[in-house]
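Q: from the sequence below, what's the structure:
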Amino acid sequence: MSKYYNKITVTGDGIRHDSRKEANRWEELKLLQRAGKIKNLQRQVKFELTPKLADFRASYYIADFVYEDLASGKTVVEDCKGMRTDVYMLKKKMMFWRYGIRILET
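A: Numbering: from 1, shown residues only. As a prediction, the model looks like this:
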């Protein structure tokens, strides 16, 4: 069992997701894309938060989903959250500071 009680789930298209919630959201987003509400749906998109410095590794935030909302014309960075850890909250702030992106939590 995982630390946060999430269950690894594989969707019908063979994609492995870290939780049932994430898998269900993936299926919803695919339907929205087919209906023409969103486009350019991507999974597990990596954003660099800090570069490699001296002997410190670079740090990253990996978004569950990124897509373009056709109604607003805006790019949406989305994360399926069950538990908001301290590390996640810090990365959320860094995403806004570095890129001006507010993460949509579902």
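Q: can you list the residue ranges for helices in this structure?
A: Applying DSSP state H to the chain gives helices spanning 20-34, 86-99.
Q: can you give me the angle the longest strand along the chain makes with helix 20-34?
A: The strand spanning the most residues in the chain, taking DSSP state E as the definition, is strand 38-50. Angle, strand 38-50 to helix 20-34, by axes from the mean of the first three to the mean of the last three CA atoms, to 10 degrees: 130 degrees.
Q: need the CA coordinates for strand 38-50. PDB is fine.
A: C-alpha atoms of strand 38-50 as PDB (Å, rounded to 0.1, in the frame of the first residue of the first chain):
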ATOM      1  CA  ILE A  38      -9.600  21.400 -25.200                       C
ATOM      2  CA  LYS A  39      -6.600  20.600 -27.400                       C
ATOM      3  CA  ASN A  40      -2.900  19.600 -27.100                       C
ATOM      4  CA  LEU A  41      -3.600  17.300 -24.100                       C
ATOM      5  CA  GLN A  42      -0.300  16.100 -22.600                       C
ATOM      6  CA  ARG A  43       0.600  14.000 -19.500                       C
ATOM      7  CA  GLN A  44       3.600  14.300 -17.100                       C
ATOM      8  CA  VAL A  45       5.000  17.600 -18.400                       C
ATOM      9  CA  LYS A  46       8.200  18.600 -16.700                       C
ATOM     10  CA  PHE A  47       9.000  22.200 -15.700                       C
ATOM     11  CA  GLU A  48      12.400  23.200 -14.400                       C
ATOM     12  CA  LEU A  49      12.000  25.100 -11.100                       C
ATOM     13  CA  THR A  50      15.700  25.600 -10.300                       C
END
